[in-house]
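Visitor: how does the following fold in three dimensions:
(one chain, ligands or ions: 1)
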Amino acid sequence: MSPVNPGPVTPQPPVLTDPEVADLVAQESRRRATTLQLIASETPASPAVRAALATELGTKYAEGYPGARYHGGCEVVDEIERLAIARTAATFGADYVNVQPLSGSIANLAVYAAFAQQGDPILALRLDQGGHQTHGSRANFSGRWFLPIHYGVRETTERIDYDALRELALVHRPRILVAGSTSYSRHIDIAALRSIADDAEAVLWVDAAHTAGLAAAGVAPSPVPHADVVTLATHKVLRGPRGGIILARADHHDVLQKAVHPFIQGGPSMNSIAAKAVCMREAGTPEFADYATTMVAAAARLAAELAERGLRIVTGGTDIHLAVVDVSGLGLTGVQASERLAAAGIVVDKAVLPFDTQPPAQGSAVRVGTSAAVLAGLGVDDMPAVAECIVAALRAAPDGDQHAGIRGQIAEMLAG
Ligand code: DSN
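Guide: The predicted structure is shown next:
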């Protein structure tokens, strides 16, 4: 059979057809299995989610929405998208759901498209105090096309200064008030932000990319009852495919539908939508609730154990699945710390402290998250040993052989 006309397609593992790619995929699997993943925004998807992603749904064009597509042959994918919407609505108690955004950032772009005009003021948490680049960073469309105003945290507590936030909202009258973060480890008081948004006549948008999975499991407050619109990423603690979802009140249906398609996207990835449906089913199980509970307890324990070993934790601890660890006391930047940890088989992101004196590209902190570590089999009681390895790796000279020893301990712990 000719290679350009292979006949009916039976999916084959790349090892049979492309050893080069297969080898790289195997290397990545080995890297993950033998090193400790503490990246707060990455969680391996479940086998069922991965199976849905690998289907031929990925090549089906389905521009439009169920029942109103621009392409023929969409009767089956319509059912899949309806199922994903229904399951998401049930998981979060949301009136309106859009499962098409290709990523969390694209979902955020759709919120701007739906609710703001170019040049409108937008009020959001500062990027260097835990916010996200789509919340008004000058390097991003949100800072270029809109007028970003930023609230921050109190220097003393490193927690959001709600009084200053209210004042900014009343002075600047933002079109959108944004709540949400990538490295703020405390619950955000969404009810307080609702009241501020009402007083300032702003749309309240919660970017729950990190915490949506915790809210789904009932271990973090749900933003849905308070917000006009909520965006989330399905690949963080939800264990779904890489992608975004928008939730909103029913009265925002029309503007959000049009903002996603045709304003921003053409056809959605139907394999990803099927995988989102699978992930939402899993998010409703007792196993997922147990997993999320353990993840949060493990993060709190890890933060406490690191603090006991002399490292300062931003805000003094965490309410969620991640913590920000100040490494400046060891004379390290965030980059140097993450390099030492990587040498010891511990994978983290460098981060900045609120009021950091280092430039953002260096930072004085690392962000640690427990979503992947718990899936790898570690529990709350393993956190003292993890903290011990982290502190030893940070203290070890970069050119010595201590890191190799810690790497071995980590591999043993994971094989455990
Ligand atoms: N890259 C994500 C994170 O690490 O939090 C934000 O989009």
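
Visitor: which stretches of the stretch 1-150 of the chain form strands?
Guide: Shown for the stretch 1-150 of the chain, the strands assigned by DSSP state E, counting those that start in this stretch span residues 36-37, 64-65, 68-69, 96-98, 121-125, 147-151.

Visitor: what lines up beside the second one in the sheet?
Guide: In this case it means strand 64-65. The pairing partners recorded for strand 64-65 under DSSP bridges are strand 68-69 (antiparallel).

Visitor: how close does the residue nearest to residue 388 when sequence neighbours are not counted get to residue 366?
Guide: In space, and not counting its chain neighbours, residue 388 is closest to residue 309: 7.3 Å by C-beta to C-beta, 6 or more residues apart in numbering. (Each C-beta comes from the backbone N, C-alpha and C, glycine too.) According to C-beta to C-beta, to the nearest Å, residue 309 and residue 366 sit 14 Å apart.

Visitor: more neighbours, the two?
Guide: The residue with more neighbours, out of residue 309 and residue 366, is residue 366; 28 against 15, by other C-beta atoms under 10 Å.

Visitor: quick check: the more buried one touching residue 327?
Guide: Yes. Counting by C-beta atoms under 8 Å, residue 327 is a contact partner of residue 366 at 6.1 Å.

Visitor: find the residues that touch each one of these two.
Guide: Common neighbours of residue 366 and residue 327, counting by C-beta atoms under 8 Å, 6 or more residues apart in numbering, are 334, 337.

Visitor: from what I see, residue 233 and residue 207 are in contact.
Guide: No. When contacts are counted by C-beta under 8 Å, residue 233 is not listed as touching residue 207 (9.0 Å).

Visitor: anything in contact with each of those two?
Guide: Residues touching both residue 233 and residue 207 by C-beta under 8 Å, 6+ apart: residue 104.

Visitor: between those two, which one's more packed in?
Guide: Taking other C-beta under 10 Å, residue 233 and residue 207 do not tie; residue 207 has more neighbours (30 against 25).

Visitor: near the ligand, which residues of the stretch 1-150 of the chain show up?
Guide: Residues of the stretch 1-150 of the chain found near the ligand (C-beta under 6 Å from any ligand atom) are 41, 104, 132.

Visitor: for the residue nearest to residue 268 when sequence neighbours are not counted, give me its contacts.
Guide: Excluding its sequence neighbours, the residue lying closest to residue 268 (C-beta to C-beta, 6+ apart) is residue 100, at 3.9 Å. Counting by C-beta under 8 Å, 6+ apart, residue 100 touches 81, 260, 261, 265, 268, 273.
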